[in-house]
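Undergrad: just need the structure, nothing else, for what follows:
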Amino acid sequence: MTPRASPPPLRHLAPRIAIGALCLLCAGLAGAQTQWKWRDAAGRIQYSDRPPPASVPDKAILARPLATPANTSPTPAAASAPTSAVAPASAAPGNKAVEPVLEEKRRQAAAAEAAKRQAEEDKLARQRQENCLRARDYARSLESGQRITRTNTQGEREFLDDAQRARELNRAREVIGSECR
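TA: Residues are numbered from 1 along each chain as shown. Model (predicted):
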């Protein structure tokens, strides 16, 4: 008995590997066949499964689906398609329920922004009112003639003389003019 030579280990798998690789290649090409690629007016490259708007010149279209001839211009429906790769919910068929949700989120975001601005304005108004009241109280104290003391850099109390009192009164009046409206 003569031993039979065994076939190389991959010889019987070669057709299956070739068929699998061919299937993967075709699957990858099928996805690429439906992609449009063009350069928009700002110079950015856009990708979409829909044709670019009619305003995009033919020379700006970088890739077309394989089933579409090169000289085919976009359809009127495609001319109104968005230029970004992600279409809004209103452009997708069957997503009519999504549009009100998006609109509600936009309204909520706008309302939150307006509330934030209003809160900041209210805070500034309260600060101005407090500054106004403080400046008026200080001006009344200066005008009353009572002795006003201040602590110097060494931590000692010193009384304001007439010139210092006049400067402080002028500053208080400036603050009243700017903060009290």
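
Undergrad: what helix or strand is Q127 on?
TA: For Q127, the element it lies in under DSSP states H and E is helix 98-144.

Undergrad: quick one: list the elements packing against that helix.
TA: Judged by 3 or more CB pairs under 8 Å, 6 or more residues apart in numbering; DSSP states H and E, the packing partners of helix 98-144 are helix 162-179. The way it works is simple: take the backbone N, C-alpha and C, and place the C-beta from them, glycine included.

Undergrad: shaky segments in the chain?
TA: Along the chain, segments meeting pLDDT under 70 span 1-14, 23-34, 67-97.

Undergrad: let's see it at 50
TA: Along the chain, the model assigns pLDDT under 50 to residues 70-92.

Undergrad: please parse it into its domains.
TA: 33-70, 98-179 (automatic domain parsing).

Undergrad: dump these into TSV; add distance to I19 and mean neighbour count as well.
TA: Converted to TSV, those look like this (distance: least, CB to CB, whole Å; neighbours: other CB atoms under 10 Å):
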stretch	distance to I19	mean neighbour count
domain 33-70	21	14
domain 98-179	41	12
